[in-house]
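>>> Quick one, structure for this:
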Amino acid sequence: MDKIDCINTFISVVENGNFSHASRNLGITRDQVSKRIFYLESLFNTSLFIRNTRKMDLTRSGEKFYERCKVIVKELDLAAHDFVYDQKYPEGLLKISAPHAFIQTCFSDVISNFLIKYPHIEIDLMFSDHSTHINPHKFDVILKVEENIEEQNTFILNTYKRSFYATDAYLNKYGKPKNIEELREHSILLYSKDDLKNNIINSIPKLTCNNIEILLELCKRNQGILFAPDFLAKKYEDEGIIINYSKTLLNSDLYFYATTPYGSRVPKKVELFLNSLKQHFSNYH
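Numbers count the residues shown, from 1 in each chain. From the prediction side, this is the model:
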């Protein structure tokens, strides 16, 4: 039996004088009122009312319980009000972990637009590529770019390709590799060491660096072939500075996704941020 229903019924009996008036006030039968009061008395092993023919007087225990119940109901009402308010006007601290790669993208636009739209939400943003070292319970949202998704309660935001990039001048001088094996004859500029672990690259890279601007600058200067996620190289590719020729070599997907520690009950501020990300990357494409 629901304790809150029983407490509300008990308060109604006290304030309406008897079971019959309480049943009419609550819209339930007198028998239901009686069962709920009996449940409370059995639960606490005490009598709450002195029963007589005229009216229902409270026992000493009943008086104390009534005062406590009034506080409980008031706190519940306040909690419900706060919840509804938070749903309409979300506020508080939102803790986010994101990969370093997004420092060099339009991610700052996402954060800026979100803060403008929801001025009562504060953001604590940490960039880290070591997702295995992150305590998920310290963050509301953990953003990742991975080849495989192993976590539960994930929200896929986008998919990317990892591609090979070079300048026309480099390819004209050193030749265009026709397969992965021929890459061993070239200087490789690598964004992530994980690509070495996964045997995607079968040669020792000339440079491994998690700063895409440095890698793109070296690639632009004909220093080698760059292997990196396409969203990081998009600007240079769109400007025609480097070209993507991965179709004959490799098709490797990456997932951009979010995880939360909340399961299916995601707080409103987290839901709003995830929706902002989805909308942004949908418009981006």
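>>> In which helix or strand does residue 38 reside?
Secondary structure from DSSP states H and E places residue 38 in helix 30-44.
>>> Adjacent strands (with direction) for the next helix or strand after that helix?
Using DSSP H and E, the next helix or strand after helix 30-44 towards the C-terminus is strand 49-51. Strand pairing for strand 49-51, using DSSP bridges, gives strand 56-58 (antiparallel).
>>> ok, which stretches of the protein are strands?
Taking DSSP state E, the strands of the chain run over residues 49-51, 56-58, 92-98, 121-127, 141-146, 154-166, 188-190, 207-208, 225-229, 243-244, 252-259.
>>> Make JSON lines from the ones you listed and add distance to residue 69 and mean pLDDT to it.
For glycine as for every other residue, the C-beta is placed from the backbone atoms N, C-alpha and C. Formatted as JSON lines, the strands of the chain follow (distance: least, CB to CB, whole Å; pLDDT from 0 to 100):
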{"stretch": "strand 49-51", "distance to residue 69": "14", "mean pLDDT": "84"}
{"stretch": "strand 56-58", "distance to residue 69": "11", "mean pLDDT": "85"}
{"stretch": "strand 92-98", "distance to residue 69": "30", "mean pLDDT": "91"}
{"stretch": "strand 121-127", "distance to residue 69": "36", "mean pLDDT": "92"}
{"stretch": "strand 141-146", "distance to residue 69": "39", "mean pLDDT": "88"}
{"stretch": "strand 154-166", "distance to residue 69": "41", "mean pLDDT": "86"}
{"stretch": "strand 188-190", "distance to residue 69": "66", "mean pLDDT": "90"}
{"stretch": "strand 207-208", "distance to residue 69": "66", "mean pLDDT": "90"}
{"stretch": "strand 225-229", "distance to residue 69": "59", "mean pLDDT": "88"}
{"stretch": "strand 243-244", "distance to residue 69": "69", "mean pLDDT": "89"}
{"stretch": "strand 252-259", "distance to residue 69": "41", "mean pLDDT": "84"}
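>>> Specify the stretch among those strands that is closest to residue 22.
strand 56-58 (9.1 Å; CB to CB).
>>> one step back: so which of the strands of the chain gets nearest residue 12?
strand 56-58 (11.2 Å).
>>> Domain ranges for this structure, per the record?
The record's domain parsing of the chain by the TED database lists 3-85, 92-155+259-282, 160-253.
>>> what's the first-to-last distance across the last one?
The one in question is domain 160-253. 6 Å (CA to CA, to the nearest Å).
>>> tell me how far that domain is from the chain's mean position?
32 Å (CA atoms, centre = their mean, to the nearest Å).
>>> oh, and call the first residue 16 from now on, that's how I've got it
Got it, the first residue is 16 from now on, which makes the last one we talked about domain 175-268.
>>> on that earlier part again, just name the most buried of the domains of the chain.
domain 175-268 (a mean of 17; mean count of other CB atoms under 10 Å).
>>> Residue 189 and residue 141, how far apart?
40 Å (CB to CB, to the nearest Å).
>>> Could you dump the strands of the chain into TSV and include distance to residue 281?
Below are the strands of the chain laid out as TSV (distance: least, CB to CB, whole Å):
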stretch	distance to residue 281
strand 64-66	44
strand 71-73	44
strand 107-113	12
strand 136-142	14
strand 156-161	9
strand 169-181	9
strand 203-205	36
strand 222-223	36
strand 240-244	27
strand 258-259	36
strand 267-274	10
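>>> So what touches stretch 232-245?
116, 160, 175-182, 184-185, 188, 192, 198, 201-207, 210, 215-216, 221-222, 227, 230-231, 248, 251-252, 256-257, 259, 269 (CB atoms under 8 Å, 6 or more residues apart in numbering).
>>> Would you mind writing the CA trace of that stretch as PDB?
Taking Å, rounded to 0.1, in the frame of the first residue of the first chain, the C-alpha atoms of stretch 232-245 are listed here in PDB:
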ATOM      1  CA  GLU A 232      50.700  22.600 -41.300                       C
ATOM      2  CA  LEU A 233      53.300  19.900 -41.900                       C
ATOM      3  CA  CYS A 234      51.000  18.200 -44.400                       C
ATOM      4  CA  LYS A 235      50.500  21.500 -46.200                       C
ATOM      5  CA  ARG A 236      54.300  21.800 -46.400                       C
ATOM      6  CA  ASN A 237      54.600  18.500 -48.200                       C
ATOM      7  CA  GLN A 238      56.200  16.700 -45.200                       C
ATOM      8  CA  GLY A 239      54.100  13.600 -45.400                       C
ATOM      9  CA  ILE A 240      50.700  11.900 -45.600                       C
ATOM     10  CA  LEU A 241      48.300  12.800 -42.800                       C
ATOM     11  CA  PHE A 242      45.900  10.200 -41.300                       C
ATOM     12  CA  ALA A 243      43.300  11.800 -39.200                       C
ATOM     13  CA  PRO A 244      39.500  12.100 -38.600                       C
ATOM     14  CA  ASP A 245      37.800  13.900 -41.500                       C
END
